[in-house]
Every structure is written in structure tokens, then in C-alpha cells.
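Visitor: Structural data only, the sequence is not supplied:
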């Protein structure tokens, strides 16, 4: 409450009014009490003088004072006071409240002493006779300038106090009502005064919470009204600027979020001020873990930190390419100073070149593998032609044998070229798929029939164990048969005589999983992740004359159908190749 401007303005005013009116009430109460009491003293003294004047002739006659007592009682009854007549000796000869003979000598009463000295006096004291506080007024009774007695009138102080209490309550009640009205008026005036300020505060709070309020200027003509109108104008301008800045910020945030390059802004102290999602993914850090932390803590690579330091020292753009460990990620870092917009800050751009570098490696390996695969048949053809030219043509049986070998090598070259061309077309999406609903059993049966004779020649037991009630899949029968034939060919090639090859399928959710299982030599675990690469051969000593492209073609064909292909194997326990095709 003490921090509210309303109470800061109203409270001093209320306190001032309370103190002023309270003090005025106390002053008036004391003043009225004193005035009223003095007035009562004066009235009582006047009545006492009149009483003394009336008593003087009868008192001068002396005892038995019968007429004096009668006048005393009459006067007391008319004025509703206590009337007492005292002789100069202090003896009470008249008393309205009780029998005078029972009263003590009054010569020691203060007002009697003064009266006997010829002075009028009034006293407020405790009455020993009536046992209450009373106001006494005494005056000398004179006859021929000689004091012949004292006339005294008295009224109970409780009556005076009751009257004074009524007057005091009236004063304090009026003061209290005035204070309450003043407080209400102060609160109303303060609320009216600060109402525009409260609206300004609410507007600022709305702007602080992200809302853009609609300005509603006040029509008041005072200083606060002018402040309100000025603030409303400023709010309108701020609304326009905030909308523009929000739009620009949204564009910048969208660009930073969609960029594939990592972006960081680092101040002169090396603390990260901005980081985009790409940089968070690259360095495996979240935004709260990066903002406000040092560059060393965020990227955890001394070479990239050194790149920033060199840029900060030279004030020139710096570029560096390196491979991070242990993830083996190739990163190109670019540090650009920002002297104009953000003095002392540096823009760091990190480009993930891992995919580009791996593509270069794949391209290099592809060229190397193609060269190697082509060199073998070409070298064989070269040796055969040289042998023929050196005289083997003169030996018809040998020449014929050499020509047959040359024809075989040419067939191998032709097959390799055809598979390369087919793989290129499949990868580029130029091979259309003639997809249709077909039963899984109908896909497996033709491939089994086609490879049955080759399996029997190799001394293997090839059999089909597939339920015929599986739901149909959507695929190109010719291309899927090509995949199955390739998998069966590899199984036959790597299974020793007497082994077994089983082909089957089963449903999993909205897919049908096909598999070819053999009891062959198995595949090394390190090779399982690479057997679907082009030209890769798991065991070149046992791979024969294959091109190493069959599994790569199979992978692309299955992925073109929306499925996936993988293998499971143990050395000496055989291998199982799986692939999935979605349901029709």
C-alpha cells in the first residue's frame, strides 16, 4: 500500500485532516468545557449574591433563624441547588439537603474562609457531607458593611459533567463525521487524479506481456490528461514499430531455423549471444545451455575457438576446415567480425561438410571399385589376346579354349555395365514400377521355381514355407522377383553342399516381411552394415566373379516400394535376409 501513488497522495492529506480536526476537536472540547464551567461558576455566584441579599435582613434578626431556614429551602427548591447558610463562627444555621444541626463546623471550608474574608469564591471539591464532587459558590452576607454570615450554593459536578459530555460528544462526533467525509473526498479526488496513470500502468503491463493495446486517450485538460494523450500517441507509434520488428524478427528466426549451417554470435568476452537449431544439433547442445555461456563450453573444440580468437585479434574473416572427434564430423568454420552493427562481436558460421566429404569418399571408392572390377576382365582379355598373337592361333584346340574364355570375360563386362546402368536408372528414379496387388505366395513361387535347378546342382535343399492366406501387397512382381532371385543366388553361392535354404513371409502390422534363410558360412558382423553398398563384397576370397552390385540394386528396389531390407547373420550359422513390402 505504501508503494501506491494513490495512498502517497491521499494518506498525507488524510493524516493532515485527521490531526487538524482532531486537534481542533480537542481544543474546542477543552475550550467549551472551560467556558461552560466558568459560566456555571458565574451563574452560581450571581445566584449566591442574590441569595445573600435576600437573606441579610432575616439573618440579622438572630436566632431562632426560622425564617432563614424557610428562605433557604425555598431558594434551593426553586434553583434546584444545595443552599447553605453559615455564621461567621462556622456554625451552619441553614441547610437544604439535611438537618443543619447535624453538620460540622464549616469554618475550614476553602470557600467559607474566602467569604469571611470578604471575597466571593467558587470551588470544585469533594463534599464530605454528600460524598460527591460538587461546585460550591460562597459570598459574604453583609449588613452595614459588616459580615454577618456566608451564603453558599452548590450543584453536583455530575450534572455539569453530563452536560459537558453531551457537548464534547457533539464536538467529537462532528469532527469524526468531518474526517470521514474528508477521507472519502480525498480518496475520490485521488482516484480521479491517478485514474489515467493507472490506465497507463495497465497499458505498459500489457505491452510488457507481449500484447499490443489499443490506445484510448483521456479528454482531461490537466497535466495528467496531457501526459495520457502523449503516452497514447507514443503507444501508437510503438505498436507500429513493434509490428514491424516482430515481422522482421519472425523472418530472421525462420531463416535461422531453416538454415542447414550452424550460426553463432559471440561477444567480445567470448559469451554466446545467439545460436540457431543447426548449430545446436551440430554441437549437441540446447539453447539454454548455450546462451550466456562461453564459446569453449558450447563447442568444446579448441581449434574452432582458436578460429574465433584469430578473427577477434586480426579483425578479418577467418576460415578453417577440420574433422571433429569422436564423431568424425567434417566442419568448415567461418569467423566474420561484426564491427558496425555489434562492435566486438563475431559471427561464426559452421558448415557440416560430412555428407559432402562422404560423397567424395563414395565417389572415390566407386571409381576405385569400378576400375578394379574392370581391370580384372580387361587384364584377362589382354593376356588371352597376347597369347593368341604369340602363336596360340596355330593350335586350334587351345585357340578355341582361349576364345571361349574371352567370350566369358566379355559377358562379365557386359553384365557389369548393364547392372551399373540399371543401378544408375533406379537411383535416379527413371525406372517405373508397375505396382499392383499381389499375394505374397505368388511373388515367392516364381523365384523358387527359377532357382530350384541351380540349388539342386549345388546339392542344396531349397523349399518354400509361406502361408497362402497372407493379405496382398502392393508391388511390381518382376522387380520383387529380381530381388528374390538375387538373394537366392547369394544364398546358393555361400552355402556348402548338403545345406538348406528356406523362403517364407509373415505379416507385421501393415507390412508383409519376406525372408530368405540359409545355413551357409555366415557374414562377419562388421560387414553387415556395408553389404548393401555398391561393389562391396563381404568375403572377396569366396565371392567368385560377382560384380558386388546385386544387393545394392535390391536395396534401391525395395526402398522404391516403400519398404526396407536388412540382414542378420552369425559366422558358421548361416544368414537371413529380410525385406518388407506395404500391404495393398
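Guide: Right, received. Where do you want to start? Given the structure is predicted, the values throughout are model-derived calculations rather than measurements.
Visitor: the helices in the stretch 151-300 of the chain, which residues?
Guide: Secondary structure of the stretch 151-300 of the chain (DSSP state H, counting those that start in this stretch): helices at 157-208, 223-258, 277-283, 287-290, 295-299.
Visitor: out of those helices, which comes closest to residue 499?
Guide: With distances scored as CB to CB, the stretch of the helices of the stretch 151-300 of the chain nearest to residue 499 is helix 277-283 (47.1 Å). For glycine as for every other residue, the C-beta is placed from the backbone atoms N, C-alpha and C.
Visitor: Report the buried residues of the closest one.
Guide: Of the residues in helix 277-283, those scored as buried under the neighbour-count criterion (16 or more other CB atoms under 10 Å) are 278, 279, 280, 282, 283.
Visitor: Turn these into a markdown table, columns for distance to residue 468 and pLDDT.
Guide: What follows is those, written out as a markdown table (distance: CB to CB, whole Å; pLDDT from 0 to 100):
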| residue | distance to residue 468 | pLDDT |
| --- | --- | --- |
| 278 | 51 | 85 |
| 279 | 55 | 85 |
| 280 | 52 | 86 |
| 282 | 52 | 82 |
| 283 | 55 | 82 |
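Visitor: Redo the residues you listed as JSON lines? Include distance to residue 566.
Guide: Shown next, in JSON lines, are the buried residues of helix 277-283 (distance: CB to CB, whole Å):
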{"residue": "278", "distance to residue 566": "30"}
{"residue": "279", "distance to residue 566": "33"}
{"residue": "280", "distance to residue 566": "31"}
{"residue": "282", "distance to residue 566": "29"}
{"residue": "283", "distance to residue 566": "31"}
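Visitor: And those residues, which is closest to residue 412?
Guide: residue 282 (45.2 Å).
Visitor: Spatially, which residue comes closest to that closest one, not counting chain neighbours?
Guide: Take residue 282 and drop its neighbours on the chain: the residue closest to it by CB to CB, 6 or more residues apart in numbering is residue 262, 4.6 Å away.
Visitor: Name the residues linked to that neighbour by a beta bridge.
Guide: Legend: beta-bridge partners of residue 262 under DSSP bridges are residue 350.
Visitor: That one: neighbour count?
Guide: The burial count assigned to residue 262 is 22, neighbours taken as other CB atoms under 10 Å.
Visitor: same check, this time on residue 444
Guide: Neighbourhood size, residue 444 [other CB under 10 Å]: 21.
Visitor: Just confirm it contacts residue 512, I think it does.
Guide: No: with contacts counted by CB atoms under 8 Å, residue 444 stays clear of residue 512, the gap being 10.7 Å.
Visitor: Check which helices and strands the longest helix belonging to the chain sits against.
Guide: Among all segments of the chain classified by DSSP state H, the helix with the greatest residue count is helix 5-60. Taking 3 or more CB pairs under 8 Å, 6 or more residues apart in numbering; DSSP states H and E as contact, the helices and strands that helix 5-60 lies on are helix 66-79, strand 82-86, strand 121-126, strand 133-143, strand 146-156, helix 157-208.
Visitor: about what we covered before: of the helices of the stretch 151-300 of the chain, which is nearest residue 530?
Guide: The minimum distance between residue 530 and the helices of the stretch 151-300 of the chain falls on helix 277-283, with 25.8 Å, by CB to CB.
Visitor: List the contacts of that closest one.
Guide: In this structure, residues lying in contact with helix 277-283 by CB atoms under 8 Å, 6 or more residues apart in numbering are 256-257, 259-264, 286-287, 290, 298-300, 329, 331, 350, 352.
Visitor: Would you mind writing the ChimeraX command to select the buried ones in those?
Guide: Written as a ChimeraX command, the selection of buried residues from the contacts of helix 277-283, which uses 16+ other CB under 10 Å, is:
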select :256,262,263,264,290,298,299,329,331,350,352
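Visitor: re the thing from before, nearest to residue 486, out of the helices of the stretch 151-300 of the chain?
Guide: Of all those, helix 277-283 sits nearest to residue 486, with 37.1 Å by CB to CB.
Visitor: centre of the chain versus the longest helix of the chain, how much separation?
Guide: 67 Å (CA atoms, centre = their mean, to the nearest Å).
Visitor: Please apply the same query to stretch 288-303.
Guide: Its chain's C-alpha centre lies 24 Å from the corresponding centre of stretch 288-303 when counted by CA atoms, centre = their mean.
Visitor: Now do the buried residues in it.
Guide: Buried residues in stretch 288-303, counted by 16+ other CB under 10 Å: 290, 295, 298, 299, 301.
Visitor: and which of those residues is nearest to residue 175?
Guide: Distances from residue 175 to the buried residues of stretch 288-303, taken as CB to CB, are shortest for residue 290 (68.4 Å).
Visitor: any idea how far that closest one lies from residue 278?
Guide: 13 Å (CB to CB, to the nearest Å).
Visitor: With residue 47 instead?
Guide: In this structure, residue 47 and residue 278 are separated by 110 Å, where distance is defined by CB to CB.
Visitor: ok, now residue 122?
Guide: Relative to residue 278, residue 122 is positioned 105 Å away (CB to CB).
Visitor: Any idea how many residues pack against residue 146?
Guide: 10.
Visitor: now the one 4 residues further on
Guide: By other CB under 10 Å, the residues close to residue 150 number 29.
Visitor: And the one 10 residues further on, by the same measure?
Guide: The local packing of residue 160 (other CB under 10 Å) involves 19 other residues.
Visitor: Could you do residue 313 as well?
Guide: Applying other CB under 10 Å, we find 9 other residues in the vicinity of residue 313.
Visitor: cool, and the one 4 residues further on?
Guide: Burial of residue 317, expressed as a neighbour count using other CB under 10 Å, amounts to 12.
Visitor: How is the protein divided into domains?
Guide: With automatic domain parsing as the criterion, the domains of the chain are listed as 5-163, 218-258, 259-352, 357-428, 436-582.
Visitor: could you dump the ones you listed to a markdown table with distance to residue 188?
Guide: What follows is these, written out as a markdown table (distance: least, CB to CB, whole Å):
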| stretch | distance to residue 188 |
| --- | --- |
| domain 5-163 | 9 |
| domain 218-258 | 15 |
| domain 259-352 | 50 |
| domain 357-428 | 78 |
| domain 436-582 | 74 |
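Visitor: Go through those and name the closest to residue 175.
Guide: Here domain 5-163 is closest among the domains of the chain (CB to CB), at 3.8 Å.
Visitor: how much distance is there from the closest one to the middle of the chain?
Guide: Averaged C-alpha coordinates place domain 5-163 at 82 Å from its chain's average position (CA atoms, centre = their mean).
Visitor: Equivalent analysis for stretch 185-198, please.
Guide: Its chain's C-alpha centre and that of stretch 185-198 lie 34 Å apart, by CA atoms, centre = their mean.
Visitor: mind showing which ranges of the stretch 251-400 of the chain have poor pLDDT?
Guide: In the prediction, the stretch 251-400 of the chain carries residues with pLDDT under 70 at positions 325-327, 341, 362, 365-370, 372-373, 376.
Visitor: Strands of that one, start to end?
Guide: Taking DSSP state E, counting those that start in this stretch as the test, the strands found in the stretch 251-400 of the chain are 262-266, 272-275, 318-324, 329-338, 345-352.
Visitor: How about residue 132: what's its closest non-neighbour residue?
Guide: Of all residues beyond its chain neighbours, the one nearest residue 132 is residue 156 (5.8 Å), with distances taken as CB to CB, 6+ apart.
Visitor: likewise residue 413?
Guide: Closest residue to residue 413 apart from its sequence neighbours, by CB to CB, 6+ apart: residue 377 at 5.2 Å.
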